[in-house]
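Undergrad: Got a sequence here, can you model it:
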Amino acid sequence: MSFEMNNTMVSQDITELQKLIGKCITSYVATEFNGMYLAVKFQVDTNLYLLNVPTGKQDHDEYPIFSLTTSPENEYKWDELCVGELERVSIIRDEVKWVSEEHIEWRVSQDVGVKFYFNNYEVLVVSVDSGAGFVNCTINTTVEVPNSPDDMLDYWEMKTDVLDSWERTEIAV
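TA: Numbers count the residues shown, from 1 in each chain. Just a heads-up that it's a prediction; the model follows:
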């Protein structure tokens, strides 16, 4: 038995991210819980919300999937994160494979993060594998995408203890 899962952003959401490039944006994060957030809001001509939506898959487990919306289902308390001109955006995608002790194979393609390059700083938003749909958000003059074997195992620890293969890439939108 095997599972192949594609947990990547839909093309409409990628198009919405592309529309933000070149605009002056005020960014906000919603309600902090132990360093994690429930959403990221981008205020430009209208409000655009980046959410981590846990979605059930064929293995009966939930996986985090990024989604953009103009009207979130919940009301949040917002704290300003940053203001600046957005120069570019990239998606952080993992391609991972593992086999369980029961000899079940998983092959997963998943967008685990979105990186925003502003004129004088960078913001990395990474999904957290949680039923609540949390995200981690890092802001600095430069932000490195975590990519070591330990980083990969840390991210995928809710699914497996051992990754047979993995690749994390940054894809410009």
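Undergrad: So which residues of this structure form strands?
TA: In the chain, the strands defined using DSSP state E lie at 2-7, 24-30, 40-43, 47-56, 62-69, 78-99, 105-118, 122-127, 135-140, 165-172.
Undergrad: Deepest-packed of the ones you listed, please.
TA: Greatest average neighbour count among the strands of the chain goes to strand 122-127 (a mean of 22), per mean count of other CB atoms under 10 Å. From N, CA and C alone the C-beta is placed, and that goes for glycine too.
Undergrad: Select, out of the strands of the chain, the one closest to residue 153.
TA: strand 165-172 (8.8 Å; CB to CB).
Undergrad: Grab the most central residue of the protein for me.
TA: Centroid check for the chain by CA atoms, centre = their mean gives residue 113 as the closest residue, at 3.1 Å.
Undergrad: quick one, longest helix in the chain?
TA: Assignment by DSSP state H gives helix 11-20 as the longest helix of the chain.
Undergrad: Give me the distance between that helix and the centre of its chain.
TA: 14 Å (CA atoms, centre = their mean, to the nearest Å).
Undergrad: Please report phi then psi for the residue of the chain most remote from its centre.
TA: Distance from the centre of the chain peaks at residue 102, with 29.6 Å (CA atoms, centre = their mean). Main-chain dihedrals, residue 102, degrees, to the nearest 10: phi -90, psi 10.
Undergrad: And for residue 61?
TA: phi -120, psi 160.
Undergrad: gap between it and residue 9?
TA: From residue 61 across to residue 9, the span is 20 Å (CB to CB, to the nearest Å).
Undergrad: Which residue of these two possesses the greater neighbour count?
TA: Between residue 61 and residue 9, counting by other CB atoms under 10 Å, residue 9 is the more crowded of the two (20 against 15).
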